[in-house]
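my questions are about this predicted structure, shown below with the sequence.
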Amino acid sequence: MDIDLGNGIVGAILGVVFATLFQQWTQDVWFRIRRRSAGAVRSLTYRRGRDGGPVAWSTFSLGPLQTSALLVEGDGDRAIAPESVHVQVLDQEVRLPEEMAAWRDEIEAEEARAADSGERAPVWNGPRYAVESLEVSRTALDERPEVHLRLRPTDYYTFLAAQQLDRRFPDGTTPRGRWLDPADPLAAPAFLQCSFGANVAVVTADHLLVVTRRSNRVRTGSGVWNSSVNEGLSRHIDSAGRNAPDLHAVARRGMREELAVEPHEYTLELLAFALDVERRQWCAHFYARLKELTGEGLRERMSRGVADRWEHQRIEYVPFRTADVTRFLLDPERLHSWAPVAPSLFHLALVHVHGRASVERAQAQVLRRL
């Protein structure tokens, strides 16, 4: 009897101890979940290694193809839901430092001179957006990304001035040297990031990837091989009624203007956000699958009129198989003629459709035969 009583007392004590420990553990877990769901941001900023030394970010590469595209969020495996993208437009316009403002004045004066002389059509100073920041957090239960994009108003002439990253100031420094840290590519002032675009990888109903080559007439990126659709964010068009722009709507506008395809004719998924670290140009990567239009059908459709036909000088249709797309990317004739973010877009589209393991196996086989 005394033994049973002793065992009962010991059991009761142990029960209290374990209950207390379990309660504390559940409270700690709940606290962490609440803290993360309350808006704690897992910011994609520069991290240091265990020894305190820098850990370099890696831009997208595929064998001999080296690009300046940094995939900031998204691996192609799972699409980013539209409701997970939060866009905020700040009130104050981007202002260039005094020395760079003089460069913008030069551009404006040159375009006015061109208009007056009639020697060429002037470049229109369209209203654009600059990227103040892009931050990513994760939902508490299923680790889905929540993307927070903050924009500021700017214009095209400011963008052109800010693209002169290696132009020297009187003291010998450059914008790149003054304000950009190679070890922390996401840290940059908004006045150097006056560009955000939507890039779409379009696959036809008969499994052909649409690849474009930009016209030599365009001001930036002339002659390079590029995504199926590339559309820059416009304050005038994409923020009607002073609303923040919808990135999916920007991609749909590009589909209509560049390929003459309407929203009901395809599915559209957001795969990633990327940054061209060399030129400080941001973009969203989309994948679009045409429901019924084949490659031939799309060619016929475009032959009857496309709003922005002048932007492209050539369109290729590549079988949407990993080996075929990889060989097309690595062809020596175009290896060094790609827009920086296009190869990463096509890679993510392949991963999204065929799976990462399958894509990497097929890419490895192609690379071994080079």
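Ah, there it is.

residues contacting the residue nearest to residue 201 when sequence neighbours are not counted?
Nearest residue to residue 201 in three dimensions, chain neighbours excluded: residue 349, at 3.9 Å (CB to CB, 6 or more residues apart in numbering). All C-beta spots, glycine's among them, are computed from the backbone N, C-alpha and C. Taking CB atoms under 8 Å, 6 or more residues apart in numbering as the contact definition, residue 349 lies against 76, 201, 203, 209, 271, 287, 320.

tell me if the second one really is in a strand.
Yes. Residue 201: assigned to a strand according to DSSP: H, G, I helix; E, B strand; the rest coil.

can you give me the neighbour number for it?
For residue 201, the tally of surrounding residues (other CB atoms under 10 Å) stands at 27.

kindly report the same for the last one.
With neighbours defined by other CB under 10 Å, the count for residue 320 comes to 22.

my read: it touches residue 359, true?
No. Using CB atoms under 8 Å, residue 320 is not in contact with residue 359; the gap is 11.5 Å.

so what's in contact with the two at the same time?
Taking CB under 8 Å, 6+ apart as the criterion, residue 320 and residue 359 both touch residue 350.

quick one, helices of the protein?
2-37, 98-117, 156-162, 175-179, 235-238, 247-259, 295-303, 322-330, 342-354, 356-368 (DSSP state H).

nearest to residue 168, of those helices?
Of all the helices of the chain, helix 175-179 sits nearest to residue 168, with 9.2 Å by CB to CB.

now the closest one: buried residues?
In terms of neighbour count (16 or more other CB atoms under 10 Å), helix 175-179 has its buried residues at 175, 176, 179.

go on, stretch 89-104?
89, 94, 96, 100, 103, 104.

dump the residue contacts of the residue lying closest to the fourth one once chain neighbours are set aside.
Distance criterion CB to CB, 6+ apart; nearest residue to residue 100, sequence neighbours excluded, is residue 161 at 5.6 Å. With contacts taken as CB under 8 Å, 6+ apart, residue 161 has the following neighbours: 96, 100, 101, 103, 104, 107.

could you do residue 204 as well?
By CB under 8 Å, 6+ apart, the contact set of residue 204 is 210, 290, 293, 294, 295, 297, 298, 317.

just to revisit the earlier point, pipe the contacts of residue 349 into TSV and attach distance to residue 134 and pLDDT per row.
Converted to TSV, these look like this (distance: CB to CB, whole Å; pLDDT from 0 to 100):
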residue	distance to residue 134	pLDDT
76	18	96
201	21	98
203	27	98
209	27	98
271	15	98
287	20	98
320	29	98
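
give me the subset of these lying in strands.
201, 203, 209, 271, 287 (DSSP state E).

farthest pair in the residues you listed?
Using CB to CB, those span at most 14.2 Å, a distance reached by 209 and 271.

re the thing from before, for residue 194, which of the helices of the chain is the nearest?
Nearest of those (CB to CB): helix 156-162, 3.9 Å.

just to revisit the earlier point, can you add distance to residue 114 and pLDDT and give the buried residues of helix 175-179 back as a markdown table?
Converted to a markdown table, those look like this (distance: CB to CB, whole Å; pLDDT from 0 to 100):
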| residue | distance to residue 114 | pLDDT |
| --- | --- | --- |
| 175 | 25 | 98 |
| 176 | 28 | 97 |
| 179 | 30 | 97 |
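
how much space separates the closest residue to residue 237 other than its chain neighbours from residue 245?
Computed as CB to CB, 6+ apart, the closest residue to residue 237 that is not its neighbour in sequence is residue 253, at 7.0 Å. When distance is defined by CB to CB, to the nearest Å, residue 253 is 10 Å away from residue 245.

need the residues touching each of those two.
Shared contacts of residue 253 and residue 245 (CB under 8 Å, 6+ apart): residue 238.

among the contacts of residue 204, name the buried ones.
210, 290, 293, 295, 298, 317.

could these be laid out in CSV, adding distance to residue 67 and pLDDT?
Shown next, in CSV, are those (distance: CB to CB, whole Å; pLDDT from 0 to 100):
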residue, distance to residue 67, pLDDT
210, 20, 98
290, 27, 98
293, 29, 98
295, 26, 97
298, 27, 96
317, 23, 97
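
for stretch 255-272, which positions count as buried?
For stretch 255-272, using 16+ other CB under 10 Å, the buried residues are 255-261, 265-266, 268-272.

correction: stretch 114-133
Quick answer for stretch 114-133 (16+ other CB under 10 Å): 122, 123, 125, 127, 128, 129, 130, 131, 132, 133.

tell me the pLDDT at the residue nearest to residue 237?
Residue 253 carries a pLDDT value of 95.

so who does it touch?
231, 237, 238.

distance of it from residue 286?
12 Å.

now swap in residue 161 and tell me
Distance from residue 161 to residue 286, by CB to CB: 29 Å.

okay, residue 214 and residue 132: tell me how far apart.
Distance from residue 214 to residue 132, by CB to CB: 28 Å.

could you do residue 146 as well?
Plainly put, residue 146 is 17 Å away from residue 132 if you go by CB to CB.

cool, and residue 232?
Distance from residue 232 to residue 132, counting by CB to CB: 17 Å.

now residue 188
10 Å.

same deal with residue 333?
Distance, residue 333 to residue 132, using CB to CB: 39 Å.

residue 327 too?
Between residue 327 and residue 132 the computed distance is 40 Å (CB to CB).

cool, and residue 339?
As judged by CB to CB, residue 339 and residue 132 stand 24 Å apart.
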